[in-house]
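[1] could you look at this predicted model? Sequence included:
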Amino acid sequence: MEATRVTVDEVRERMDRGEQFAFVDTRNHQAWGESDRKLPHAIRVPADELEQHLDEIPHDRTVITYCT
């Protein structure tokens with residue numbers, strides 16, 4: 001599996017076509033706590049804890065990770 005970058009507009013277009021995504025917020029605890037922007041329903045898994053939470057990430061859809 002290869003990671004690619006997508007823009008907000010690309011994600012919006014794909015969502016408009018009905019594609020399902022899993023959003024994973026990989027910001028560290030401090031960055032997440034200080035932010036006033038949080039995506040509803042995103043799975044919060046700090047990047048350095050990703051391996052411990054792989055079972056929480058759906059495997060039946062495209063996964064989009066984001067951070068600061």
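    Looks like it arrived, so ask away. Numbers count the residues shown, from 1 in each chain.

[2] so D48 is in contact with N28, correct?
    Yes - using CB atoms under 8 Å, D48 makes contact with N28 at a distance of 7.3 Å. For the C-beta atoms, the positions are set from N, CA and C on the backbone; glycine is no exception.

[3] more neighbours: the two, which one.
    N28 (13 against 10; other CB atoms under 10 Å).

[4] any idea how far the residue lying closest to that one once chain neighbours are set aside lies from E56?
    Among residues not flanking N28 along the chain, P46 sits closest, at 5.1 Å (CB to CB, 6 or more residues apart in numbering). Using CB to CB, to the nearest Å, one gets 12 Å for the distance from P46 to E56.

[5] more neighbours: these two, which one.
    Using other CB under 10 Å, the more surrounded residue of P46 and E56 is P46, with 17 against 12.

[6] for the more buried one, which residues are in contact?
    Contacts of P46 were listed using CB atoms under 8 Å, 6 or more residues apart in numbering, and they are T26, R27, N28, H29, W32.
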